[in-house]
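Asker: Need coordinates for the below:
(chains A and B)
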Amino acid sequence: MIYLSQLLGNPVLDADGEKVGTVSDLGIATGEVFPRITSLAFMGPGRTPIMISWRKFVDTYDENEVHLKVIATDLRFSYLQPDEVLLARDILNKQIVDTHGMRVVRVNDLKLSDTSSTQLRLLGAEVGARGLLRSLHPALERVALRLARTFGHPMPEKIIAWSYMDLVERDLSNVKLSVSHKTLDDMHPADIADIIERLDPRLRGQVFAQLDDEQRAGAMAEFDDDAMAAELMGNLTETDASRMLSEMDPDDAAELVSELDYDKAEKLLRLMGVQEQRAIRQLLGYRENTAGRIMTSEVASIGEDATVADAVALLRGLDEDFESVRYVYLTDEDGKLSGVVTLNALIVAPAETLLSELATEDLVTASPEDDQEDVAENIAKYNLLAMPVVNDEGRLLGIVTVDDALDVLEEEHAEDLRVAGGTAEGDDSGHASALIWLVRRNAWVALWALGVLALVLVVGAQVGLAGTLAVAIPLAVALVLADDSVSYVTNFFLENDPDDEDSPSMIGFTFRSIGIGAVLAALVALIMLALESIIASPAVPSVTASLDGLAAALTAGGAGAAASTFFSFAVTPIYLAILRHRDANNKETSGFTLSLVAMLVAVAVFSLTVLGLFA
Amino acid sequence: MTRKDDEPSSTRRTHLEPRLILAAMGPGMVAALAGADAGGVATYSNAGALFGFNQLWTVPVMCFLLIVAQETAARMGCVTGKGLASLIREQFGVRLSALAMTALLISNTTVTLSEFAGIASALALFGVPVYVSVPVAALAIWLLTMSGSYRRIEKVLLAIACVFVTYIVAGVMVSPNWGDALMHTVVPHVDATPQYLSLLVASVGTAIAPWMLFLAQSNVVEKNAHAEDLPYQRIDTVTGAVAASVISWFIILTTGAVLHPAGIAVSGAEDAAAALAPLVGDYAEALFGAGLTGASFLAACVLPGITSSAVCEAFGWERGADRSWSEAPVYRGIITAVIVVSAAVVMIPGINLFGIMMIAQVINGVLLPVLLVFMVLIASDKHVMGRHVNSRVWNALTWFTIVAVTVLTIIMFVMQALGV
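Answerer: Okay, here's the model as predicted:
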């Protein structure tokens, strides 16, 4: 075993033992699983780069020097072939994609085959800590290994074989690679999208441009970040971009096109085929977040008088990239949707059976104007793989497939979580998120401190420090209740849909909130009064009469808390209106921000009330 | 300048679009205003208090050198689409990038340290003890960096840091001898004392901090700016550098006019705040404290992230605020370590906070040449930069900075060793 780092910089000696230069690079032939080293590049006298054939001229090699078979004057120089890759220039220290582990890594060293055999081959790229340490100094690697063994944690090498490497920076797509070479192109589009998201913006464009049309279309539909997808699209030439759009499912394409600016979108659409263009334009005609926007118009539909054989013939004739078929839809002579046949039924039934005999006529359908969330929920409820979308006359426009419905549900779930004051980053259970959670849940403490400062400014001069603190005690109650008022309104928002007829009206909600506010305010006031009278009563002898002023302060604080509690709940209809307005405009609202606002308002109302009582 | 001629792309675009100029502006301003952080204020007010107007001449020089360095970094980002750490690794291999990253790590940790010292001494003006302000600030900064959400409050902090603009008003109000000030700005004046030289090195370290280069380049890379966007990046670079220099010029001017004649040496934040007293009277300390907290907090939020990101970029580890502990342990570990170490050092009992700020800038100045050498070598490599390779003038200026800082450092150490 020998590593590239051990070969680089070694002297190259000719047959006479004369030094002709130092090793600077090795070239490999790319067509094999373990590529052969084909050429030796070295720095000749006067720093002239020289390349010679490895097979013809190299006699022996080891960690110290390379011996050539001939004398310097007999060397014949060669040139880098298009299918050759230079190890140090193209791979060492570069970022590559490990298509097996599906990560982006940096190559720390390259592992070559044994020195004893005549043929030197590339075994793989070392991407782990051992390669780093070895490159720093071989002794470091040995020390680390010994330490690791002492502590019982062996340090294995992390080697990526050539067949699982994708050199993101060097386009090898026109080089014929071995059959077993797994490049990015061979990965699942969802994995490609994941990898691309991890690259630097510039590399993203380069890697994306290397993919073929089909993979591009697939990956494009999988990006989480719409802005990034639009930017990647901007990097493609217009013909490439429109070809990719044609390749995508119309619903995904429509979503992407809606991200672009108008001129660019128009230009791309015009370059597309008439049919695909019409499909996308039709989808773009529907509002965002409706069934019309996420449906695909690629549906297998056939007249209701057709037989199973006809349907099978129809399916066989479909394009290769046609949306996968789960159901065959039946239409009557007016083009209205009349029934649905499952694929299973088709396969099992004899060829001459009439489809209408197999069909389910009791259909669950959606209108293109329906909210996407409702459609997704119905798909889940009725256990469908796709739901047909029909217009007012009952004509079939398209289907919403279960994969799109899952995306919608995931998106809405994340939104709801955020409104409820949580975050959607569920996989990060690290300490940071636990702390953030704690801070968020207890933000009222910070607001309380702020309130105390405000009270010092407002009434501190009149009632002194002890008085101010006594006033501030009920503020804590007011803040917690303000926080609760936001939970109350977000819960209502999440549970009730404004378009739903059964849900309480805005006016009803307003009355209810004011009612709850009044009851809670009265309760707070009563508890505070009770507390104050108990403390001040002669039955509690430990509190001396000199604390009269404090009792008054406590009463003032109680009044402030009652006022701010009532106010907090009374304004919840405004929060609800804001939430609904932002939701209608597809803006996300963070529940945490909302509760901060509510608590700030509570502090303000509290301070003003107390000021009013003392002034 | 010969640079303009070899750029057909920029000459073809005859006019710049104002909208795009505004879009490109920003990173330069952040770097500039965060440059008026703890270390900057300490260095400049010390320079003014100790030597009056004698160091004013360094400001235009630093401004120019800062433009050279920042422009080079931004250009490298535009042309290659890679961060500086990536380029160093790919051009110089593991060993030298380990050297560069160690230099960056030390330099940025000391700067973070000085930011914490800044926060501590600024809040001390409001009577908050170090043992309260530093842990709270450290926790807040850690949370903000870890969740990547500091960008949301970036604007607020920038607005607070704008308090330092009051130095300009204060500078005008103390009605200094303008002729004298301008003369000192144009005519260099050097005192051959170790104190003067170390202040000079500190000024370089403050004005052209290594982290600014990494920040400038990574901003360009994140935006995926291309070579044809270079004119916009240059506008950003120049406006940022000029804004930073104007502020530092006025800090030196104000402290030079107020503190120097009174013989007050700046040994703490309250002394530096005193320079603002002619303008706002009793509120000088509150105003200065707020500004120093804002600027230091902003820089302290930016620094650990940049440092960790650069190190991970060089060695190929996962990075980014959206990666969890299990995905990017090194990235998160370095951020945590930088913050914890900085906060811990500041809390050592009896430590001189203002002294820390000064020493940090000197260390920054000493390490700057190391990173500049890497930068200039890559920027003048035709294979990497293509036709946007460094011009001779730019190369000469960068090498001048490297040599000058190195020589100054050596003289400074020798003089200190000899006890002159």
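
Asker: tell me what the helix of greatest length in chain A is packed against?
Answerer: Ranked by number of residues, the top helix in chain A under DSSP state H is helix A:443-495. If contacts are counted by 3 or more Cβ pairs under 8 Å, 6 or more residues apart in numbering or on different chains; DSSP states H and E, helix A:443-495 sits against helix A:402-419, helix A:506-536, helix A:548-570, helix A:572-584, helix A:591-614. Every C-beta, even on glycine, is put in place using the N, C-alpha and C of the backbone.

Asker: OK, contacts around A:R395?
Answerer: A:331, A:334-337 (Cβ atoms under 8 Å, 6 or more residues apart in numbering or on different chains).

Asker: Need the pLDDT of it.
Answerer: pLDDT for A:R395: 88.

Asker: ok, now B:R13?
Answerer: 45.

Asker: And for B:M29, the neighbour number?
Answerer: The local packing of B:M29 (other Cβ atoms under 10 Å in any protein chain shown) involves 15 other residues.

Asker: just the helices in the stretch 1-150 of chain B please.
Answerer: Along the stretch 1-150 of chain B, the segments classed as helices by DSSP state H, counting those that start in this stretch run B:8-12, B:18-24, B:27-35, B:38-51, B:58-80, B:84-124, B:130-147, B:150-161.

Asker: Save the ones you listed as CSV, and put in distance to A:D109 too.
Answerer: CSV is the format used below for these (distance: least, Cβ to Cβ, whole Å):
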stretch, distance to A:D109
helix B:8-12, 39
helix B:18-24, 40
helix B:27-35, 35
helix B:38-51, 39
helix B:58-80, 23
helix B:84-124, 8
helix B:130-147, 32
helix B:150-161, 37
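
Asker: So which of the ones you listed is nearest A:D483?
Answerer: Nearest to A:D483 among those is helix B:130-147 (19.9 Å), distances taken as Cβ to Cβ.

Asker: Can you confirm whether the closest one lies near chain A?
Answerer: Yes - using Cβ under 8 Å from any Cβ of the partner chain, helix B:130-147 comes into contact with chain A via B:139, B:142-143, B:146-147.

Asker: Pull out the buried members of those.
Answerer: Buried members of the residues of helix B:130-147 next to chain A, counted by 16 or more other Cβ atoms under 10 Å in any protein chain shown: B:142-143, B:146-147.

Asker: Helices along the stretch 51-200 of chain A, start to end?
Answerer: Under DSSP H, counting those that start in this stretch, the stretch 51-200 of chain A gives helices at A:54-57, A:129-136, A:138-150, A:189-197.

Asker: so which strand or helix has the nearest residue to A:F223 once chain neighbours are set aside?
Answerer: Spatial nearest neighbour of A:F223, chain neighbours left out: A:A229 (4.2 Å); criterion: Cβ to Cβ, 6 or more residues apart in numbering or on different chains. Remark: A:A229 resides in helix A:226-235, with elements defined by DSSP states H and E.

Asker: Pass me the low-pLDDT residue ranges in the chain, would you?
Answerer: Going with chain A. A:115-118, A:171-181, A:421-433, A:499-502, A:539-548 (pLDDT under 70).

Asker: Let me rephrase: I mean chain B.
Answerer: B:1-28, B:30-36, B:150-151, B:153, B:161, B:419-420.

Asker: Quick one: closest of the helices of the stretch 1-150 of chain B to A:L354.
Answerer: Proximity to A:L354 (Cβ to Cβ) singles out helix B:130-147 among the helices of the stretch 1-150 of chain B, at 61.5 Å.

Asker: quick one: secondary structure of A:V341?
Answerer: strand (DSSP: H, G, I helix; E, B strand; the rest coil).

Asker: filter the contacts of A:R395 down to the ones close to chain B.
Answerer: Counting by Cβ under 8 Å from any Cβ, no member of the contacts of A:R395 is near chain B.

Asker: Now, of those residues, which are buried?
Answerer: Counted by 16+ other Cβ under 10 Å, these give A:331, A:337 as buried.

Asker: how about the contacts of A:R395 in JSON lines, adding secondary structure?
Answerer: Below are those laid out as JSON lines (three-state DSSP):
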{"residue": "A:T331", "secondary structure": "strand"}
{"residue": "A:D334", "secondary structure": "coil"}
{"residue": "A:G335", "secondary structure": "coil"}
{"residue": "A:K336", "secondary structure": "strand"}
{"residue": "A:L337", "secondary structure": "strand"}
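
Asker: In the contacts of A:R395, find the pair that's most separated.
Answerer: So, the contacts of A:R395 by Cβ to Cβ: farthest apart are A:D334 and A:L337, at 10.2 Å.

Asker: show me what contacts B:T406?
Answerer: Applying Cβ under 8 Å, 6+ apart, the residues near B:T406 are B:P369.

Asker: just checking, A:L167 touches A:D98?
Answerer: No - in this structure A:L167 lies outside contact range of A:D98 using Cβ atoms under 8 Å: 11.5 Å.

Asker: What number of residues are in the vicinity of whichever residue of the stretch 151-300 of chain A sits closest to chain B?
Answerer: Residue of the stretch 151-300 of chain A nearest chain B, by Cβ to the nearest Cβ: A:R202 (2.5 Å). When counting by other Cβ under 10 Å, one arrives at 20 neighbours for A:R202.

Asker: re the thing from before, ok, so of the contacts of A:R395, who is nearest chain B?
Answerer: For these, the nearest to chain B is A:L337 (43.8 Å; Cβ to the nearest Cβ).

Asker: For the closest one, list the residues it contacts.
Answerer: A:301, A:329-331, A:363, A:365, A:388, A:390, A:394-396.

Asker: among those, which are in strands?
Answerer: A:301, A:329-331, A:388, A:390, A:396 (DSSP state E).

Asker: Same list (these) but as CSV, adding distance to A:M295.
Answerer: What follows is these, written out as CSV (distance: Cβ to Cβ, whole Å):
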residue, distance to A:M295
A:S301, 13
A:Y329, 13
A:L330, 18
A:T331, 16
A:P388, 9
A:V390, 10
A:L396, 10
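
Asker: Which one (most neighbours) among those residues?
Answerer: A:L330 (26 neighbours).

Asker: ok, now how distant is it from chain B?
Answerer: According to Cβ to the nearest Cβ, to the nearest Å, A:L330 and chain B sit 47 Å apart.

Asker: tell me which residues of the helix or strand encompassing B:L215 are tucked away?
Answerer: Element membership for B:L215 (DSSP H and E) is helix B:210-223. Of all the residues in helix B:210-223, those buried under the rule 16+ other Cβ under 10 Å are B:210-221, B:223.
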